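Participant: no FASTA, just this:
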């Protein structure tokens, strides 16, 4: 049985991970983005809330949509998604 909705949180960072001060970015608590995905009624993927101005609502230009549709294609599911993003 597949879930109808999934919510994931990706912690924020202040830089590339490497030696020195960059590693402190991993210690930032609370900052990050939350992406909520649910099945769409048809096979198209839509962005219902991009999370802020200037973030693409076109699924072919939105990084969350690109990643999600690539996973669906990889596992052989021909389904659409509804994606909502909360920027933190």
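Facilitator: Nice, I can see it. Just so it is clear, the model here is predicted, and its values are computed rather than measured.
Participant: who's in contact with the residue most central in space within the chain?
Facilitator: In the chain, the residue lying closest to the centroid (CA atoms, centre = their mean) is residue 64, at 3.6 Å. Contacts of residue 64 were listed using CB atoms under 8 Å, 6 or more residues apart in numbering, and they are 35, 47, 83, 85. C-beta here means a position set from N, CA and C on the backbone, and glycine is covered the same way.
Participant: wait, a helix at it?
Facilitator: Yes: assessed with DSSP: H, G, I helix; E, B strand; the rest coil, residue 64 lies in a helix.
Participant: and the closest residue to it other than its chain neighbours, backbone torsions?
Facilitator: Excluding the flanking residues, the one nearest residue 64 by CB to CB, 6 or more residues apart in numbering is residue 35, at 5.1 Å. Main-chain torsions, residue 35, degrees, to the nearest 10: phi -120, psi 130.
Participant: tell me if I'm right that residue 35 and residue 7 touch.
Facilitator: Yes: counting by CB atoms under 8 Å, residue 35 touches residue 7, with 7.2 Å between them.
Participant: those two: which is more packed in?
Facilitator: For residue 35 versus residue 7, neighbours defined as other CB atoms under 10 Å are more numerous around residue 35 (20 against 11).
Participant: and the more buried one, what's its pLDDT?
Facilitator: pLDDT recorded at residue 35 is 95.
Participant: returning to that earlier point: where does the residue nearest to the centre of the chain land on pLDDT?
Facilitator: So, for residue 64, pLDDT stands at 94.
Participant: can you check the one 10 residues further on too?
Facilitator: Predicted confidence (pLDDT) at residue 74: the value is 97.
Participant: and the host helix or strand of it, what's buried?
Facilitator: Residue 74 is part of helix 63-75 when elements are defined by DSSP states H and E. For helix 63-75, the neighbour count (16 or more other CB atoms under 10 Å) marks 64, 65, 68, 69, 72 as buried.
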